[in-house]
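Novice: Any chance you can model this:
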Amino acid sequence: MGFDENRPVAVVTGASAGIGRATARRLAGLGWQVIGVGRDPERSAAAEAEIAAAGRVAMLRSDFTLMADVRRTAEEIRALTPRVDVLINNAGGVRDRQIITAEGTEATFAANHLAPFLLTQELMPQLRASAAGTAPGSTRVIAVSSSAHRQVDGLDPVDLQSLGDVSSMVAYCRAKLANILFTRELARRAGPDGIVAQVMHPGLVASNFAAHGSPALQAHYANAADALAPEEPAETLVWLATEPEGGRDGGRHFHRMAEEPPSDAAQDDDAAARLWVESEKLLAALQP
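Specialist: Numbers count the residues shown, from 1 in each chain. This next block holds a predicted model:
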């Protein structure tokens, strides 16, 4: 059964745990219809039950390291709803080593950048349908990045996926930089259609984010005395999704419900345009 066409729809990736789960639950409680996307079946089922107690939800399963899975997920979303009012690209993560997927992509780059890039592209007709029928600034695409983007001085145009001899953390930092560059270019391209794109940094959150990271990273998260509960960054995501500030002047970077400038490399509009074109080429090569 499809969703009610007269009520707003939010798609939240990474909704099976952590920030995504808290965000989906809050939006459902506000009366939004929520489509959550999660990878782990058990966590997804538990999240679906929790979110359903607050409102209407459909939970989909997907492995965002695989673009075939992303395309299938987009098809399932289109079957549920003709409109998407807010897309929150939250899913991502860090690995303890380089992993090449069955499609030949680097897993960190695939899950953190290629997947949200592709999902946004696939759902653009639904986003445009929402924008055409709602007040200006109501339709939004929100990315979850990280302050880790500040640890690198740019993307490598010769090795966009960090397939060379770099650490898994460098690959992650570059992917988080890509989130911001993608958002800036999306804001430029989709703004004329009435779609606003924003990006946020959640902070260090007590979640399963580091579960596949190095032992040192896992220990850092486990012992961090200042780790935030997922509900705190979820508050910023819901604010960006629903309040007027999130619906104006796209391409901005936020932290704790306040605009915060990203690194100089993240404000390079030429790099953002190149990333878009190269991402399209990578995805075209993966088409069956």
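Novice: Contact partners for the closest residue to Arg7 other than its chain neighbours?
Specialist: Leaving out its chain neighbours, the residue that sits closest to Arg7 by CB to CB, 6 or more residues apart in numbering is Gln33, at 5.3 Å. (Each C-beta comes from the backbone N, C-alpha and C, glycine too.) Contacts for Gln33 (CB atoms under 8 Å, 6 or more residues apart in numbering) come out as 3-4, 7-10, 55-57, 81.
Novice: Then Trp276?
Specialist: Residues near Trp276 by CB under 8 Å, 6+ apart: 182, 185, 189.
Novice: any idea of the mean pLDDT in the helix or strand hosting it?
Specialist: According to DSSP states H and E, Trp276 maps onto helix 269-285. Taken as a whole, helix 269-285 has an average pLDDT of 97.
Novice: Same check on stretch 236-254?
Specialist: 98.
Novice: go on, stretch 45-61?
Specialist: On average, stretch 45-61 scores 97.
Novice: Can you give the contact residues for it?
Specialist: Stretch 45-61 has contacts (CB under 8 Å, 6+ apart) with 3-4, 15-17, 21, 24-39, 41, 44, 73, 76-77, 80.
Novice: Now the buried members of the residues you listed.
Specialist: Neighbour counting over these (16 or more other CB atoms under 10 Å) leaves 3, 15-17, 21, 24-28, 32-39, 44, 73, 77, 80 as the buried ones.
Novice: Now intersect these with the helices, please.
Specialist: Counting by DSSP state H, the part of the buried ones among the contacts of stretch 45-61 found in helices is 21, 24-28, 44, 73, 77, 80.
Novice: could I have the helix or strand containing Leu186 exported to PDB, CA atoms only?
Specialist: Here Leu186, judged by DSSP H and E, is contained in helix 168-190. Extracted in PDB, the C-alpha atoms of helix 168-190 (Å, rounded to 0.1, in the frame of the first residue of the first chain):
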ATOM      1  CA  SER A 168      41.200   3.900   5.600                       C
ATOM      2  CA  MET A 169      40.700   7.000   7.600                       C
ATOM      3  CA  VAL A 170      42.100   9.200   4.700                       C
ATOM      4  CA  ALA A 171      39.500   7.500   2.400                       C
ATOM      5  CA  TYR A 172      36.800   8.300   4.900                       C
ATOM      6  CA  CYS A 173      37.800  11.900   5.300                       C
ATOM      7  CA  ARG A 174      37.800  12.400   1.600                       C
ATOM      8  CA  ALA A 175      34.400  10.800   1.300                       C
ATOM      9  CA  LYS A 176      33.100  13.200   4.000                       C
ATOM     10  CA  LEU A 177      34.600  16.100   2.000                       C
ATOM     11  CA  ALA A 178      32.800  14.700  -1.100                       C
ATOM     12  CA  ASN A 179      29.500  14.900   0.900                       C
ATOM     13  CA  ILE A 180      29.900  18.700   1.200                       C
ATOM     14  CA  LEU A 181      31.000  19.200  -2.300                       C
ATOM     15  CA  PHE A 182      28.100  17.200  -3.600                       C
ATOM     16  CA  THR A 183      25.700  19.200  -1.500                       C
ATOM     17  CA  ARG A 184      27.100  22.500  -2.900                       C
ATOM     18  CA  GLU A 185      26.700  21.300  -6.500                       C
ATOM     19  CA  LEU A 186      23.300  19.800  -5.800                       C
ATOM     20  CA  ALA A 187      22.100  23.100  -4.400                       C
ATOM     21  CA  ARG A 188      23.300  24.900  -7.600                       C
ATOM     22  CA  ARG A 189      21.700  22.400 -10.000                       C
ATOM     23  CA  ALA A 190      18.500  21.600  -8.100                       C
END
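Novice: Phe64: what secondary structure?
Specialist: On the three-state scheme (DSSP: H, G, I helix; E, B strand; the rest coil), Phe64 is labelled coil.
Novice: check contacts around it.
Specialist: For Phe64, the contact set (CB under 8 Å, 6+ apart) comprises 13, 37, 39, 70, 91-92, 110-111, 115.
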